[in-house]
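A.B. asks: Kindly generate the corresponding structure for this input.
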Amino acid sequence: MRSLASIVLAFESVVLALVTPVMISVADIRPAVAIPVCLGLFVLALLAAGLLRFQAGYVLGSLVQVGAVGLGFVVPVMFVLGVFFAAFWVAAIVLGRRIEHAKKAHQAQTG
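C.D. replies: Reported below is the predicted structural model:
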């Protein structure tokens, strides 16, 4: 589960970093606002990826998803990207749990 979730957060962090110039040039948001918001979410995504061995990493990762969708109020395309990444995030957690459960069941059967 952790590896899938970390992949989602890593790719999302790249998107969050690239949204910064879009907010400044296209959405006409002041750099003093765009840089801390976008790069703050970027750092939180990387921090969450590093903390995924703990429950706090998943909570922080979920907050990053909310923030990414929330950026859609400023840059409308982020509604789409944010929802996609949130869906990938949920899928990574659900599929990761299924994989871990299947591994444990297989290990219990084989010895």
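A.B. asks: which parts of the lengthiest helix in the chain are buried?
C.D. replies: With secondary structure taken from DSSP state H, the chain has its longest helix at helix 77-110. The neighbour-count check on helix 77-110 (16 or more other CB atoms under 10 Å) flags 78, 81-82, 85-86, 88-89, 92-93, 96 as buried. Backbone N, C-alpha and C define where each C-beta goes, glycine included.
A.B. asks: Stretch 50-66 too?
C.D. replies: Buried-residue list, stretch 50-66, by 16+ other CB under 10 Å: 52, 57-58, 60-61, 64-65.
A.B. asks: can you give me the offset of it from its chain's centre?
C.D. replies: Taking CA atoms, centre = their mean, to the nearest Å, the mean C-alpha location of stretch 50-66 is offset from the chain mean by 8 Å.
A.B. asks: What of stretch 87-97?
C.D. replies: Remark: stretch 87-97 is offset 11 Å from the chain centroid, using CA atoms, centre = their mean.
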